[in-house]
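> Okay, here's the prediction I keep looking at, along with the sequence it came from:
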Amino acid sequence: MQTQRIFLQTHEPLNFSFKQNKYDFIVDEIPNIKFTGKGSFLILRIKKQFTSTWELLSIISETLNIDEHLIGYAGLKDKNATTTQYISIPLNKSKEYKHLNSKFIQVIETFIHDQKLKIGDLKGNKFKINLKDIDPQTLPLIYQTISQIQKHGMPNYFGYQRFGKENNFEKSKRIAYGEELLRDKKLDKFMKLAYQSYFFNAWLAKRLEMSKEEGSNKLISIKGDIFNLHDRTVITGLLPGREILRAKDEAGVIEEKFDDIFIHEKGYRRDAWIKPENIKNKFNAQYNSLLLEFTLPKGSYATVFIENIANKNYF
């Protein structure tokens, strides 16, 4: 069960295509910390293809003989793409890092730092994505939609990647409830997060339906909403769990329908609305393709931006 991601666009769905591969889907991490130039950790800026972050960690662990828990990273990156990300290793293992270079992995830069990288040490990610098979007659509509999103923002859904290939809601629920145990700790965590994310996406779709009924081009706030602590204009949605503040009043009545108070995992609140930045585009008339460049905050999905433009779900 995965909720259909609905958007505030009103045009008919567009039928251009895009694929996640090393040529047409390029991602670069933007760190939110300055490396100190001294300390006991080496930061590796690694460019990779056909390799997930988890696979990369295993390769580093095996190649450099480092316990995997000593390796730090700021975010997870897709396998079917060309991605650049930052990895930290203990400085005393740094002499061997060049052995990591291969056909699909390249260390392109190194820094010394005083701390191990941790999840969230990111400002965001920069994307370059090729949209293909574009009907030139739809270009004005595509440009108009991009302009609207740049001005008003877009819903911050979890993309289809969040839920894995199986997209098995019942299995993720059993794992979140502790009724099914996985030996693979990474997969166990992934499935629990996926279960929480179903609720957020379903809640956000409901709130967008309400906003669309009001003819709004952005998410409308209602009484009892909880806002981002740093930006009081940004509404947040619930990933159910313990130790998390929940909405009240009218917002609480709606949120309660997309909650699960029996989850033992820690709960979170996620920004429901974001604005892509630094948007650029270039149309190639020879191939009817559009190169789209943009930056998103950490944890946001480029595929959701593409779906906004197309006004349809791809998976």
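Here it is on my side, so go on. Residues are numbered from 1 along each chain as shown.

> Might you list the low-confidence residue ranges for this structure?
1-2, 166-167 (pLDDT under 70).

> those strands in it, which residues are they?
Taking DSSP state E, the strands of the chain run over residues 25-31, 41-49, 72-73, 82-90, 105-113, 122-131, 154-155, 236-239, 268-271, 273-274, 277-284, 289-297.

> The ones you listed: which one's closest to residue 221?
strand 273-274 (9.9 Å; CB to CB). From N, CA and C alone the C-beta is placed, and that goes for glycine too.

> Strand partners (parallel or antiparallel) of that closest one?
strand 154-155 (antiparallel) (DSSP bridges).

> Tell me how many other residues crowd residue 165.
8 (other CB atoms under 10 Å).

> Please disregard the earlier target; I meant residue 163.
23.

> Residue 49 versus the closest residue to residue 281 other than its chain neighbours, what's the distance?
In this structure, residue 281 finds its nearest non-sequential neighbour in residue 292, 5.1 Å apart by CB to CB, 6 or more residues apart in numbering. Using CB to CB, to the nearest Å, we find residue 292 at a distance of 20 Å from residue 49.

> So which of these two has more stuff around it?
Set residue 292 next to residue 49 and count neighbours by other CB under 10 Å: residue 292 wins out with 23 against 17.

> so that one makes contact with residue 132?
No - Residue 292 lies out of contact with residue 132 (CB atoms under 8 Å); the separation is 11.2 Å.

> Could you give me the buried positions within stretch 278-290?
Neighbour counts over stretch 278-290 (16 or more other CB atoms under 10 Å) mark 283, 289-290 as buried.

> Repeat that for stretch 201-212.
Buried, per 16+ other CB under 10 Å, within stretch 201-212: 201-208, 211-212.

> again, but for stretch 174-188
For stretch 174-188, by 16+ other CB under 10 Å, it's 175-176.

> Also stretch 118-130?
Within stretch 118-130, judged by 16+ other CB under 10 Å, the buried ones are 121-122, 124-130.

> quick one: contacts of stretch 120-138?
Applying CB atoms under 8 Å, 6 or more residues apart in numbering, the external contacts of stretch 120-138 come out as 14-19, 23-33, 74-75, 86, 142, 278, 283, 285, 287-298, 300, 302, 306, 309.

> please redo it, this time with the cut-off set to 6 Å
The set of residues external to stretch 120-138 that reach it, using CB atoms under 6 Å, 6 or more residues apart in numbering, is 14, 16-18, 24-30, 32-33, 74-75, 288-298, 302.

> Nothing else from me, thank you.
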